[in-house]
Each structure stands twice: as structure tokens, then as C-alpha cells.
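> From the sequence below, what's the structure:
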Amino acid sequence: MKNQVQLITYVDRLGGGGLAELRAILDGPLRGVFGGVHLLPFFSPIDGADAGFDPIDHTQVDARLGTWQDIKQLTGSLAVMGDVIVNHISADSPQFRDYLAHGAASSYAGLFLTRAAVFPDGASEAQLAAIYRPRPGPPFTEATLASGERQALWTTFTPRQVDIDVQHAQGRAYLARILETFAANGIRMVRLDAVGYAIKKAGTSCFMLPETYEFIAGFARQAQALGIEVLVEIHSHYRKQIEIASRVDWVYDFALPPLLLHAQAFRTAACLQEWIRIRPRNALTVLDTHDGIGIIDIGADASDRAGRPGLVPPAELDELVEIIHRRTQGESRRATGAAASNLDLYQVNCTFYDAMGRDRRGYLLARAIQFFLPGVPQVYYVGLLAGQNDMALLARTGVGRDINRHYYSPAELESQLRTPVVAALLELIRLRNLHPAFGGAFNLGDTPAEQLALYWRQGTHYAQLEADFTTGSWRLRASPWGGRGVEYVCTDSSVLQR
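Numbers count the residues shown, from 1 in each chain. Got it, this is the predicted structure:
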């Protein structure tokens, strides 16, 4: 993966077009800004029950966006990442429809995970209660086959997303075909979606088991043999992120967004400093993604009976969630938890810019810290444009995460790119991409708890970021490069000046 800032985007929500139009944007107003792009689900269909994360056909590009040839053309100029949705497939898929029609005689009977396959002798209430769930309610859906037989199927996320038996030969073949299709079309990075739930075993939490780690390692070897790097997407206790990082190419730093919000809300960098000291270096840093802002990632281990502590004290974590709700005048509360369908128990649904109370100075500091941490930064398209909560889309769909999945028209895109905060963010991205210091050695400065100092040095080149969380002030300096010196100071109006 190129050590430059990457874009995360839906194909049709950044400028309102398909793959050809997105390529024109990346070659036009965003030319030279990004070293790669993570294309959120572009499979058929993009508008299912979960915005493409419930594929009917994972190996087909939705015709409304374009073709595999369009993907190939994009890979000619940018590194492209795609999602491999490991845990489930759409209930409208031809494979599942064939299973409903023919039951055990279906060619795809082994592809789908039944409750009986995990609990052949039945499940006790204690066993069912031990299953770790991203959403409330049991992880099963009763399906009636054409014969009249009823089967309890695993549906970890929604009844429209039917879990795959990844340990069955048919499950392995299904996932191998996706990898081979991606490799043949120039995709060299994949993100394993919902992989923490892929392995189910009686008497366990069915989440991030030792067998899950083995599955991830095996899948990574299979992908790497095809020239594909693997990013693992798991929201869980921070120690699990550290553990999984040693087994794959890349992990997300999901702890960073809430830690930055915590640092600015409580005027202390103590928890953030501790994380910087121990975090894995093979991380993709994010402040926002297509999902909500993770809370579980800095909290106590909910799946551990011993209750391993988190990075932030429980009372402060609870207060942080309330601070976000207050900053958004309750908009995030309306999109989170029981207030919205397709809900997540461990995330707050909100744009990151709104979670910061639209504080431009604080937002640019958060981005600067993101870019200064070791790893490869990714910027979500809504965050790139300092996007605000889309309450109209939330009202229309009732899906909490849609608050942060706005459809930008070409005119909106052009307008947002001209705003001071976005212009300043683009300057920070270019600095991170091109300054030689970021190819060198990183150092965390020894500062008081309310301050943060981050340094990079390579030869005579240096870049340094110093922030004071009691005042919100910060300064970025870098050695002369490209014929000029660099110094950024965040003023009261929060516009970077050089």
C-alpha cells in the first residue's frame, strides 16, 4: 500500500455518478490528492438492505455504476481497495433462493450456516446469552423451505443478511471466487468486513475466537498468494486490535477517533498518549468511515468476563457520548441505538465534523494528528468535505448510519471544495503525501498530559506537530521542501496560514 492518504467513498455518493464520473473527479478537482481509494461496495446491488453490504452477487459490478473494465481503468492510476463481505450474503441471492427451493438437495446447502450446525444438541439459554451480538435480539432467523421444513439460520446482522459457513467447502469456494475475481481486475487490497463474527462455536461468544484468528491468517495467505493485501475490520477491545495486527497486513486504528474526541472534550491527551505508545504501526488511521464512531474500541472488554479495562474510564466514556449528542442538538441520539433501525450497540452515528461541534480549528487539529501518526491515513468522503449530519436521508431511510452517508451532487462537491476548512484539509493531505520527513522515523514527544507533540525526521528533513488541549491551539512546522519552508498556525478562525 502506498504511504499516502487514501480516500474512502461510495462510487455514487461523491458527485452523483458512476465509476467513470468518480475517475473524472479523482483526475480533476482531486488530482494528486490521494494515493489510493477504498471503493465501498460496488457489487450488485448497491441499494439493498445495507447499502451494498448485503450482496446478491459479490462478483458483479452494479451496472448502474459501470463494469469491471471501469474498475481496471481506475486501478491504472490509483491503488484500489474493495470489500470482501466474509460473514454473509443477501437473502435475495440466487444461492439462497436455490436453498429455499431445494433444502438439503440444493447445491448450496452447505453455504449457509444453520443453528443446528453449531448446536446439534440444541442450545441452552446460557449458551445463547453468551453469543456476542452487534445488535439486540437473537442472531437467528426462521426460514421456511419450499418443502415446508423450517430452519433456524444464523443472521448476525439483519434477517436479509444470511451468514455463510466459512469452514464448509462451499463457503471456502465462495470466498475464493471473490478473491480471484478481484485479483483478475486489478484490485490489490481487500477489507475483510465483519470477519470477527465469521466463526461460530458452541459454548463461546462466537466472536474473535482462536479459530477466528486462524481463519483470518489463512485467508490472508490465500489473498497474498494472489498479490492482494488484507485489511481487517474489527470493532473490539484495543488489545484484540494489537493481537490481530501481527497476523495480517493492516488493521484499522478505530481507537483514534473517540480518543481525539475525548482529548478535546476533556482537555487532556493522557489517554491518547498511552494509545500512541502501544498502538500497532501497520494501521490505517481513520476519523470516520461509512459506519458510526466506535465507542467499544476504547472501552472495557465487553466480551471478557474479567472485564479488561479500556483506554478511557467508563464514566468519561459515557459522558463523551452525551457530549456528542449535545453538540449535535440531539441529532446523533436520533440516529443511534434503539432510535434507528439497522442499529449498532457500540457506535455513535454522526459525522465526525458534527461530533466536534463544527469546530474548524479542532477538526483540522484532529486531521493533523491523524496524518502524523504512523500508518496510512484514510479520509472518508463526508469527512473530506467537512460534511454535516444528513437528517433528511435519515428520515427517509430510518437507517442510523445514513446520517453520515450523504449523496453529494456535482454542485455540492464543487461548493464544499471551495470552503476554507476543506481547502486547509487538502493542504494538510498534500503535505502528508509529499514531505520527505514522513518516510523517516517517528517520535512521540515527552509532554505534560494536556499537550501532545509528534515528530518525524528523515535525514535533514523534519515535520513536527505540537498541540495544547487546554487552549485548542496548535502549530505545525516542517523543513524546507519543494523550495519553500512550511509553517501552519491555526488561527481563531481556524484557517491554516503559512
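
> Quick one: list the elements packing against the strand or helix carrying residue 81.
Following DSSP states H and E, one finds residue 81 within strand 79-85. Counting contacts by 3 or more C-beta pairs under 8 Å, 6 or more residues apart in numbering; DSSP states H and E, strand 79-85 packs against strand 36-39, helix 169-184, strand 189-193. Just so you know, the C-beta spots here come from the backbone N, C-alpha and C atoms, and that holds for glycine as well.

> try 6 Å
strand 36-39, strand 189-193 (3 or more C-beta pairs under 6 Å, 6 or more residues apart in numbering; DSSP states H and E).

> Grab the CA positions of the helix or strand following the longest one and hand them over as CSV.
Spelled out, that is strand 189-193. Sequence order places helix 210-225 as the next helix or strand after strand 189-193, per DSSP H and E. Extracted in CSV, the C-alpha atoms of helix 210-225 (Å, rounded to 0.1, in the frame of the first residue of the first chain):
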residue,chain,number,x,y,z
PRO,A,210,-8.9,-18.5,18.4
GLU,A,211,-10.4,-20.2,15.3
THR,A,212,-11.3,-16.7,14.0
TYR,A,213,-7.6,-15.7,14.2
GLU,A,214,-6.7,-18.9,12.3
PHE,A,215,-9.3,-18.2,9.7
ILE,A,216,-8.1,-14.7,9.2
ALA,A,217,-4.4,-15.8,8.9
GLY,A,218,-5.4,-18.5,6.3
PHE,A,219,-7.5,-16.0,4.3
ALA,A,220,-4.6,-13.5,4.4
ARG,A,221,-2.2,-16.2,3.0
GLN,A,222,-4.7,-17.0,0.2
ALA,A,223,-5.1,-13.3,-0.7
GLN,A,224,-1.4,-12.6,-0.6
ALA,A,225,-0.7,-15.5,-3.0
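
> Would you mark the buried spots in helix 210-225?
212, 213, 215, 216, 219, 220, 222, 223 (16 or more other C-beta atoms under 10 Å).

> rewinding a little: Serialize the helices and strands packed on strand 79-85 to a markdown table and add fields for distance to residue 398 and mean pLDDT.
Formatted as a markdown table, these follow (distance: least, C-beta to C-beta, whole Å; pLDDT from 0 to 100):
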| stretch | distance to residue 398 | mean pLDDT |
| --- | --- | --- |
| strand 36-39 | 26 | 98 |
| strand 189-193 | 22 | 96 |
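
> So for residue 435, which of those sits nearest?
strand 36-39 (18.1 Å; C-beta to C-beta).

> domains in the protein, as residue ranges please.
Residue ranges for the domains of the chain, per automatic domain parsing: 6-85+169-438, 94-162, 441-497.

> What's the local residue count around residue 319?
15 (other C-beta atoms under 10 Å).

> meant to ask about residue 175
21.

> how near is it to residue 337?
32 Å (C-beta to C-beta, to the nearest Å).

> again with residue 216
For residue 216, the distance to residue 337 - C-beta to C-beta - is 29 Å.

> Quickly find the element holding residue 429.
Judged by DSSP H and E, residue 429 forms part of helix 420-434.

> and residue 285, what pLDDT?
Residue 285 carries a pLDDT value of 98.

> Same question for residue 296.
88.

> Could you pull up phi and psi at the closest residue to residue 201 other than its chain neighbours?
Leaving aside its sequence neighbours, residue 201 sits nearest to residue 209 (C-beta to C-beta, 6 or more residues apart in numbering; 5.8 Å). As for residue 209, its main-chain torsions (degrees, to the nearest 10) stand at phi -80, psi 170.

> So residue 209 sits against residue 199, correct?
Yes. If you go by C-beta atoms under 6 Å, residue 209 and residue 199 touch, sitting 5.4 Å apart.

> Just the terminal-to-terminal distance for stretch 429-442.
End-to-end distance for stretch 429-442: 18 Å, by C-alpha to C-alpha, to the nearest Å.

> ok, now stretch 44-56?
End-to-end for stretch 44-56, by C-alpha to C-alpha: 6 Å.

> In it, which residues are buried?
Buried, per 16+ other C-beta under 10 Å, within stretch 44-56: 44, 45, 46, 48, 49, 50, 51, 52, 53, 54, 55, 56.

> model confidence over that stretch, on average?
Computed over stretch 44-56, the average pLDDT equals 90.

> same check, this time on stretch 198-216
95.

> all numbers from here: first residue = 640
Sure, I'll start numbering at 640, so the last one becomes stretch 837-855.

> Show the end-to-end separation of that stretch, please.
9 Å.

> okay, stretch 782-802 in PDB with CA atoms only?
What follows is stretch 782-802, C-alpha atoms only, in PDB (Å, rounded to 0.1, in the frame of the first residue of the first chain):
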ATOM      1  CA  ALA A 782     -36.800 -19.700   7.300                       C
ATOM      2  CA  THR A 783     -39.500 -21.900   5.700                       C
ATOM      3  CA  LEU A 784     -38.200 -24.000   2.800                       C
ATOM      4  CA  ALA A 785     -40.400 -24.900  -0.200                       C
ATOM      5  CA  SER A 786     -40.900 -28.400   1.400                       C
ATOM      6  CA  GLY A 787     -42.400 -26.800   4.500                       C
ATOM      7  CA  GLU A 788     -39.400 -27.600   6.600                       C
ATOM      8  CA  ARG A 789     -38.300 -24.800   8.900                       C
ATOM      9  CA  GLN A 790     -34.700 -24.000   9.500                       C
ATOM     10  CA  ALA A 791     -33.100 -21.500  12.000                       C
ATOM     11  CA  LEU A 792     -30.400 -19.700  10.100                       C
ATOM     12  CA  TRP A 793     -27.600 -17.500  11.500                       C
ATOM     13  CA  THR A 794     -28.300 -13.900  10.600                       C
ATOM     14  CA  THR A 795     -25.800 -11.900  12.700                       C
ATOM     15  CA  PHE A 796     -26.700  -8.500  11.400                       C
ATOM     16  CA  THR A 797     -30.200  -8.500   9.800                       C
ATOM     17  CA  PRO A 798     -32.700 -11.100   8.500                       C
ATOM     18  CA  ARG A 799     -31.800 -10.000   5.000                       C
ATOM     19  CA  GLN A 800     -28.100 -10.900   5.500                       C
ATOM     20  CA  VAL A 801     -27.700 -14.700   5.800                       C
ATOM     21  CA  ASP A 802     -24.500 -15.900   7.400                       C
END
